[in-house]
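Asks: next come a sequence and a model predicted from it.
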Amino acid sequence: MTRLLVPALFAVLMQIARFAAAADCEGSFRDIYITASPAVVTVTTRSVDPYRVTNRVRRGVGSGFIVAPDGLIVTNSHVVYGAQALAVTLDNGTVRPARVVGQDPIFDIAVIQISTESNERLPLVEFGDSDAAQVGDEVVTIGNPLGLKQTLTRGVISALNRLLPEKPLSLSRTMIQTDAAINPGNSGGPLLDRCGKVIGMTTEIIAEAQGLGFAVPANLIRAVLPLLVEHGRIARPWLGFHGQLVDKRINRILNVSMVTGLLVEVIEPQSPADKAGLRGGEHEIAVDGSELLWGGDIVTRINGIHIDTLERLGEAMSALRIGQHVVLEIFRSGRTEKIEYDLPERPVLPGDLQEGTLLPPAPPAAGARLGARQRH
């Protein structure tokens, strides 16, 4: 009995320690800014679109934060993806060329690096524990909205574990939602708690709304940093399709007798699923406020794991490996079938890129009025 109580007691003590740590961090926002802002940088990019005859050169600006003495900087992948020239402006105004060390468009995380001088001590920020964040906690962001450097905004954590609809279930990652003001150019900047530690990276906004900003959790960033630094990317197995979970509730709404599982909506062209003959949906329908592409196969098991809940789907997906042979049990035309194929490494696909969500704008021209609107 004592052994059984130890894990539970340890978990309770960890929670108490987290709340105590949060209570100890009640420094002013001014102090947080003074401490953290020297490590926040401006990231400027330049790229050439070879398919255009006018306006071929595209310039962008975003934010980033220094995390290591050797000049490693964390920012968003969509800030630097495809850039042919990259520069970083430090807090003291120094401009240095930078290179991309690694990036992942799906998680929208990138690591870039600047050169450092001998005996130079770069200002750094520290990662906090994003799992300890609570709804209602006060947070601040520091970044370069619309090219206006070192801007601080404040707010609270509005929600945790948000799943945004633009990614398939198999590739989605949970986000921190905040009402702290985030604008184009904030991309890649830190979301800081009252201890001045990074608990997230500001990444996305919903353009039609107000006060709906999202940040990649710090614990995810910290987990993938070694992979990006060592390999330059995150390698994933490629199933080649995506869709939505259909359960008894959806079957009841549609008044159909159907199995539960992962409804295959879209097959990615030239993917292993495409070559194996998996079928996607054809008929667009709205069910309880959600859109479905109906008529495709329903995957009921992946390598023997029954896909009846999001948790089981996550379990099945996390068990997949590059080069592995996958067996899909599917429901098609009233009967159960099996489809099998090997999993290659997933390439970067057009839908992975963050076009249309928090595009980094060009910096304002010298002498421009701050009130002028900029399109993005």
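Replies: Now that the structure is in, tell me what you want to look at. Note that the structure is predicted; figures quoted are calculated from it, not measured.
Asks: quick one: the helices in the stretch 201-350 of the chain, in order.
Replies: 218-231, 248-254, 272-276, 310-318 (DSSP state H, counting those that start in this stretch).
Asks: make CSV out of the ones you listed and add mean neighbour count.
Replies: Just so you know, the C-beta spots here come from the backbone N, C-alpha and C atoms, and that holds for glycine as well. Formatted as CSV, the helices of the stretch 201-350 of the chain follow (neighbours: other CB atoms under 10 Å):
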stretch, mean neighbour count
helix 218-231, 16
helix 248-254, 13
helix 272-276, 17
helix 310-318, 15
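Asks: of all those helices, which one is nearest Ile339?
Replies: Across the helices of the stretch 201-350 of the chain, Ile339 has its closest neighbour in helix 272-276 (5.2 Å, CB to CB).
Asks: where does the most centrally placed residue in the chain land in three-state SS?
Replies: Compute the mean C-alpha point of the chain, and by CA atoms, centre = their mean the closest residue is Phe107, 3.6 Å away. Following DSSP: H, G, I helix; E, B strand; the rest coil, Phe107 is assigned to coil.
Asks: any idea how far His272 is from Asn119?
Replies: For the record, residue 272 is Pro, not His. To Asn119, Pro272 is 52 Å away according to CB to CB, to the nearest Å.
Asks: try Thr202
Replies: 32 Å.
Asks: so between those two, which is more surrounded?
Replies: Using other CB atoms under 10 Å as the criterion, Thr202 and Asn119 rank with Thr202 on top: 31 against 5.
Asks: contacting residues for that one?
Replies: Thr202 makes contact with 63, 141, 143, 182, 186-191, 213-215, according to CB atoms under 8 Å, 6 or more residues apart in numbering.
Asks: using JSON lines, lay out those residues together with secondary structure, neighbour count and distance to Asp91.
Replies: Converted to JSON lines, the contacts of Thr202 look like this (DSSP: H, G, I helix; E, B strand; the rest coil; neighbours: other CB atoms under 10 Å; distance: CB to CB, whole Å):
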{"residue": "Ser63", "secondary structure": "strand", "neighbour count": "30", "distance to Asp91": "12"}
{"residue": "Thr141", "secondary structure": "strand", "neighbour count": "27", "distance to Asp91": "16"}
{"residue": "Gly143", "secondary structure": "strand", "neighbour count": "29", "distance to Asp91": "12"}
{"residue": "Ile182", "secondary structure": "coil", "neighbour count": "26", "distance to Asp91": "20"}
{"residue": "Asn186", "secondary structure": "coil", "neighbour count": "30", "distance to Asp91": "16"}
{"residue": "Ser187", "secondary structure": "coil", "neighbour count": "33", "distance to Asp91": "18"}
{"residue": "Gly188", "secondary structure": "coil", "neighbour count": "34", "distance to Asp91": "15"}
{"residue": "Gly189", "secondary structure": "coil", "neighbour count": "34", "distance to Asp91": "13"}
{"residue": "Pro190", "secondary structure": "strand", "neighbour count": "31", "distance to Asp91": "13"}
{"residue": "Leu191", "secondary structure": "strand", "neighbour count": "31", "distance to Asp91": "18"}
{"residue": "Gly213", "secondary structure": "strand", "neighbour count": "28", "distance to Asp91": "23"}
{"residue": "Phe214", "secondary structure": "strand", "neighbour count": "25", "distance to Asp91": "25"}
{"residue": "Ala215", "secondary structure": "strand", "neighbour count": "29", "distance to Asp91": "21"}
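Asks: most widely separated two among those residues?
Replies: For these, the maximum inter-member distance is 14.9 Å, found between Ser63 and Phe214 (CB to CB).
Asks: what about the helices in the stretch 51-200 of the chain?
Replies: Using DSSP H, counting those that start in this stretch, the helices of the stretch 51-200 of the chain run over 77-80.
Asks: shaky segments in it?
Replies: Along the stretch 51-200 of the chain, the model assigns pLDDT under 70 to residues 165-172.
Asks: wait, isn't Gly143 in contact with Gly189?
Replies: Yes. Under the criterion of CB atoms under 8 Å, Gly143 makes contact with Gly189 at 2.9 Å.
Asks: so what sits against both of those two?
Replies: Counting by CB under 8 Å, 6+ apart, the contacts common to Gly143 and Gly189 are 40, 63, 202.
Asks: so the residue nearest to the first one when sequence neighbours are not counted bridges to which residues?
Replies: In space, and not counting its chain neighbours, Val40 is closest to Ile142: 4.7 Å by CB to CB, 6 or more residues apart in numbering. When assigned by DSSP bridges, Ile142 has beta-bridge partners Leu152.
Asks: number of nearby residues for the residue nearest to Ile73 when sequence neighbours are not counted?
Replies: Excluding its sequence neighbours, the residue lying closest to Ile73 (CB to CB, 6+ apart) is Gly64, at 4.4 Å. Per other CB under 10 Å, the neighbour tally for Gly64 reads 30.
Asks: next one: Glu337
Replies: 12.
Asks: ok, it touching Ile330?
Replies: Yes. Using CB under 8 Å, Glu337 is in contact with Ile330, at 5.4 Å.
Asks: got the domain ranges for this protein?
Replies: The record's domain parsing of the chain by automatic domain parsing lists 25-37+125-230, 40-114, 241-344.
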